[in-house]
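**Q** Need coordinates for the following:
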Amino acid sequence: MDLALDEAESVEGIEKTTGPVGPAPTERARSLWSDAWHQLRRNPVFVLSSLLILFLVVISIWPQLIASGDPLQCDLSKSQEGAEPGHPFGFDRQGCDVYTRTVYGARASITVGVCATLGATLLGSALGGLAGFFGGWSDSLLSRVADIFFGIPVVLGGLVFLSVVTSTTVWPVVGFIVLLGWPQIARIARGSVITAKQNDYVQAARALGAGNGRMLLRHVAPNAVAPVIVVATIALGTYIALEATLSFLGVGLRPPTVSWGIDISNAAPQIRNAPHMLLWPAGALSLTVLAFIMLGDAVRDALDPKLR
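**A** Residues are numbered from 1 along each chain as shown. Prediction:
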């Protein structure tokens, strides 16, 4: 008995000095989001696209950082002239500095892309998530309404809808893209919610008496949002290209708004005489769309365990 007491006292002394005696602590398992972030940080595609997007966002907010000129200040005597000191991209048909207009054009494109993506994602996620969670007639109604919008050609719808709008701001274009973009997000959110609500932890929460609101916000939505984020990220680049297409056709953004689509439309007839007018805004547009698509692909690979 004395021997056992001595051993107990020695163990107690060790616990006081070194902590409780027991198995060595194991590394805590990472969640889906922490694991995805761990993988994204090591993905060169994600790093490169994120840096490019950050640069585009910064110059869209503060274009004066790299362009000191006025995009609306033109000199007809320099019409279609090439590069010269202080004007590395040359001049367009009106004698405006192509470099300055290319830099300032990022603001309209990024604004349309971000606002349209936020609007379509919020509206589509809300409608699709509720329809997928409750099912029944609301699910059937959403599916039929989405089918109607899917049947509308995007470019033709833009020509009809925006041709009657006289505003020169970005908001009519944003509203049109949200109007035709939410059904895609709604279908993704609906399918993801239907899959998530069948999991055991949701059924356990229901059995314990959790209400629909608590189950949807605490258990279903956090585990169903990943596919929506992936689709929204890729769609952002698509919406920027759509804005440029509509502006090229003359029904999107209108002067005096500075837009890559407007500059491409003005430069297209002069592509043989002054290709620099088309090269720089088209290159900036392509690079921006590519950056967002690359970002979306990287996020998809990180959030989908089947692709690892």
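
**Q** Mind listing what's buried along the host helix or strand of Val57?
**A** Per DSSP states H and E, Val57 falls inside helix 44-61. By neighbour count with 16 or more other Cβ atoms under 10 Å, helix 44-61 contains the buried residues Phe46, Ser49, Ser50, Leu52, Ile53, Leu56, Ile59, Ser60. All C-beta spots, glycine's among them, are computed from the backbone N, C-alpha and C.

**Q** for stretch 291-306, same thing?
**A** 291-303.

**Q** again with stretch 83-98
**A** Neighbour counts over stretch 83-98 (16+ other Cβ under 10 Å) mark His87, Phe89, Gly90, Phe91, Asp92, Arg93, Cys96, Asp97, Val98 as buried.

**Q** go on, stretch 217-230?
**A** For stretch 217-230, burial by neighbour count (16+ other Cβ under 10 Å) applies to His219, Val220, Ala221, Asn223, Ala224, Val225, Ala226, Pro227, Val228, Ile229, Val230.

**Q** ok, so of the residues you listed, who is nearest Asn212?
**A** Val220 (9.6 Å; Cβ to Cβ).

**Q** Could I get the contacting residues of the closest one?
**A** By Cβ atoms under 8 Å, 6 or more residues apart in numbering, Val220 lies in contact with Gly129, Phe133, Val193, Ala196, Lys197, Val202.

**Q** can you count the residues close to the last one?
**A** By other Cβ atoms under 10 Å, 19 other residues sit near Val202.

**Q** Check the fifth one too.
**A** Lys197 is surrounded by 20 other residues when neighbours are defined as other Cβ under 10 Å.

**Q** so what's it up against?
**A** Gly132, Phe133, Met215, Val220.

**Q** so where do the helices sit in the protein?
**A** Using DSSP state H, the helices assigned to the chain run over residues 2-18, 32-40, 44-61, 98-134, 136-150, 154-162, 171-196, 200-207, 212-214, 221-248, 260-267, 276-303.

**Q** Could you dump those helices into a markdown table and include mean pLDDT and distance to Lys78?
**A** Shown next, in a markdown table, are these (pLDDT from 0 to 100; distance: least, Cβ to Cβ, whole Å):
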| stretch | mean pLDDT | distance to Lys78 |
| --- | --- | --- |
| helix 2-18 | 43 | 79 |
| helix 32-40 | 77 | 46 |
| helix 44-61 | 93 | 24 |
| helix 98-134 | 92 | 11 |
| helix 136-150 | 88 | 46 |
| helix 154-162 | 88 | 33 |
| helix 171-196 | 91 | 31 |
| helix 200-207 | 75 | 66 |
| helix 212-214 | 74 | 63 |
| helix 221-248 | 90 | 24 |
| helix 260-267 | 92 | 15 |
| helix 276-303 | 91 | 12 |
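
**Q** Which among these is found nearest to Gly82?
**A** Comparing these under Cβ to Cβ, the one sitting nearest is helix 276-303, at 6.2 Å.

**Q** same for the closest one, what does it pack against?
**A** If you count contacts as 3 or more Cβ pairs under 8 Å, 6 or more residues apart in numbering; DSSP states H and E, helix 276-303 packs onto helix 32-40, helix 44-61, helix 98-134, helix 221-248, helix 260-267.

**Q** will you turn the ones you listed into JSON lines that also has distance to Gly181?
**A** Below are these laid out as JSON lines (distance: least, Cβ to Cβ, whole Å):
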{"stretch": "helix 32-40", "distance to Gly181": "25"}
{"stretch": "helix 44-61", "distance to Gly181": "19"}
{"stretch": "helix 98-134", "distance to Gly181": "4"}
{"stretch": "helix 221-248", "distance to Gly181": "7"}
{"stretch": "helix 260-267", "distance to Gly181": "18"}
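
**Q** looking at the ones you listed, which is closest to Gly283?
**A** Nearest of the helices and strands packed on helix 276-303 to Gly283, taken as Cβ to Cβ: helix 98-134 at 8.5 Å.

**Q** burial measure for the closest residue to Val220 other than its chain neighbours, as a count.
**A** Nearest residue to Val220 in three dimensions, chain neighbours excluded: Ala196, at 4.8 Å (Cβ to Cβ, 6 or more residues apart in numbering). For Ala196, the count of nearby residues is 22 (other Cβ under 10 Å).

**Q** Repeat that for Phe248.
**A** What Phe248 shows, counting by other Cβ under 10 Å, is a neighbour count of 18.

**Q** Verify the stated contact: the residue nearest to Val220 with Asn223.
**A** Yes: here Ala196 reaches Asn223: they are 4.7 Å apart, a contact under Cβ atoms under 8 Å.

**Q** For the residue nearest to Val220, give its distance to Pro227.
**A** Taking Cβ to Cβ, to the nearest Å as the measure, Ala196 falls 10 Å from Pro227.
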